[in-house]
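In: coords please:
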Amino acid sequence: MRSSGSPRTGRRRTATRAAAAALSLVTAAVLAGCASADTTTDSPSADSAFKPVAQKDGSQITVWADSTRLPSVEAYQKAHPDVKMKVVTYDGGADGSSYLQSKVQLFDRTGSGWPDVVFGTPTDMTWASEPTKPGAQPFAAPLNDKLVPSATLDGFAKGSLTPCEFNGNTYCLRNDIAQVVLWYNQSLMDKWGYEVPTTWEQYEALGKRVAKEHPGYLVGSVGDTNSHESYFWSGQCPAFDLVKPDTLRTDLQDKNCVRTATLLDELIDAKAVTTKGFFSQGFAKDSGGKVLMAYGPSWYGQYLFKAAFKTPAKQIAAASPLTWEGETTSATGNVGGGVWMASSHSANLKASTDLITWLTTSDENQAAAPTYPAYTKAADAWLANPANSDYFANDVSKAFRDAAGQVWTGWSNTKFSDATAWSSVVLPALTSGKSLVSTLPAWQKEISNEAKAEGYQVVDE
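Out: Numbers count the residues shown, from 1 in each chain. Here you go, the predicted structure:
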């Protein structure tokens, strides 16, 4: 999940001032039981070479957090007054990613300055888990190496720690996930006598029916910079599949990619799916009230329908991810989710790992978090919070829980953004009237070029 918001950070133009404010929170959030770092707990992986610096119990830790996470860090400090902390606010989103990496490279050269704890994106893990120069150790500490109990690591949603895992070690804790679900306007569905689809084929059929019976109403959008994460990631399209740490498979002629593109082309042609972005200028005002369905992340409910579209309460509902007819397993995408790292250079790993564990797993913190927690017990507390559920027309718990464990792990985090090729190649092609199917080769070529520029070997089968 790359983060994909936390929304993993995506650059979107908002439709209204309210939408902009909401999206600002979402962008930071979506990037969006306390356990201590017991050095006697668990054993390191067989190939672990991690050697902590000399530890100084009680020493001050420096924490880098974005503005959205700042209140959580302050809450921890208030609840743990004996922990000495220096808190620095920085942009932990997509723009902050390169900033953090460049700073760590500088600290590696000078031999000092590293923060003890950092909030970042899953993309950060592609470099934070590797040495920045020969002889250096990775910035992120391997948390499974006697720092965080395995029972805690096992408590995260299935697959949610995949972006943190490299070479047998776990280098971060996932703050939140943005699992994709089917959003729909239950009031309109009931009024028009429509049944909520459970398969992609039913979704396509209903979309075409809506286009004929209620022209102007929509069942989705492919026009945002992260739309591909909702549809092609959910469709298990191998656009960004790291088969080895240095080898990327990108095969957009794979049947899963083609069938997803074909379905969307049919709905675009029927004018049931728009090529305009949900977050594009003017969309909320002109068309926000005509979105019957939207296949998108768990944060869509609060930040798209409620904040941007201003859809009245008790109209919007969520359903579990769609499946393809004849297939027994389902998968979904992810559009966001931030991570917490403890620095391998920290002289107080006990305090550092205790902090990131509390931030990601404690009900006290996560129940009021802006986006869905990756830790399953904390997610239960989040769902039980009326602030996260009262707006909806149905109980979203099942849909969210189902999707949280179905995020496909075949869409990998890479050293470059998955949004760039989609935004620079696919969206302009769609705007000019070209089909998605016809654009797949150009999209693949751009992904391949970006991957090679970052040093990856590229395979297409």
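In: Touching, T132 and F139? I think so.
Out: Yes - between T132 and F139 a contact is recorded at 7.2 Å, counting by Cβ atoms under 8 Å. For the C-beta atoms, the positions are set from N, CA and C on the backbone; glycine is no exception.
In: any shared contact partners between these two?
Out: Listed as contacting both T132 and F139 by Cβ atoms under 8 Å, 6 or more residues apart in numbering are 104, 108.
In: the helices in the stretch 51-200 of the chain, which residues?
Out: All helices of the stretch 51-200 of the chain, identified by DSSP state H, counting those that start in this stretch, fall at 70-79, 94-110, 125-128, 150-153, 186-192, 200-213.
In: Nearest to A317, out of the ones you listed?
Out: The closest of the helices of the stretch 51-200 of the chain to A317 is helix 186-192. By Cβ to Cβ, the value is 4.2 Å.
In: which residues are in contact with that closest one?
Out: 194-196, 213-214, 217, 292, 314-317, 393-394.
In: among the residues you listed, which are in strands?
Out: The members of these that map onto strands under DSSP state E are 316-317.
In: Just the buried ones out of the contacts of helix 186-192, please.
Out: Buried members of the contacts of helix 186-192, counted by 16 or more other Cβ atoms under 10 Å: 194, 196, 217, 292, 315-317, 393-394.
In: Pull the most distant pair out of these.
Out: Maximum pairwise distance among those (Cβ to Cβ): 20.0 Å, between Y217 and N394.
In: What's the first helix or strand after the strand or helix carrying E266?
Out: E266 is part of helix 255-269 when elements are defined by DSSP states H and E. Next helix or strand after helix 255-269 toward the C-terminus (DSSP H and E): strand 273-274.
In: Can you list the helices and strands that that next one packs against?
Out: strand 220-221, helix 255-269 (3 or more Cβ pairs under 8 Å, 6 or more residues apart in numbering; DSSP states H and E).
In: can I get these in JSON lines with mean pLDDT and distance to N144?
Out: Compiled in JSON lines, the helices and strands packed on strand 273-274 are given as follows (pLDDT from 0 to 100; distance: least, Cβ to Cβ, whole Å):
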{"stretch": "strand 220-221", "mean pLDDT": "98", "distance to N144": "39"}
{"stretch": "helix 255-269", "mean pLDDT": "98", "distance to N144": "32"}
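In: what's the most buried one of these?
Out: strand 220-221 (a mean of 25; mean count of other Cβ atoms under 10 Å).
In: So what are the sheet partners of that one and their directions?
Out: Strand 220-221 pairs in its sheet with strand 273-274 (parallel), by DSSP bridges.
In: after the strand it pairs with, next one along is what?
Out: According to DSSP H and E, the helix or strand after strand 273-274 is helix 283-287.
In: If you count neighbours, what's buried in that following helix?
Out: Buried residues in helix 283-287, counted by 16+ other Cβ under 10 Å: 283-284, 287.
In: Let's test this: mean pLDDT of stretch 112-126, rounded?
Out: Mean pLDDT, computed over stretch 112-126, is 94.
In: Show me how far that stretch is from its chain's centre.
Out: Chain-centre distance of stretch 112-126: 17 Å, with Cα atoms, centre = their mean, to the nearest Å.
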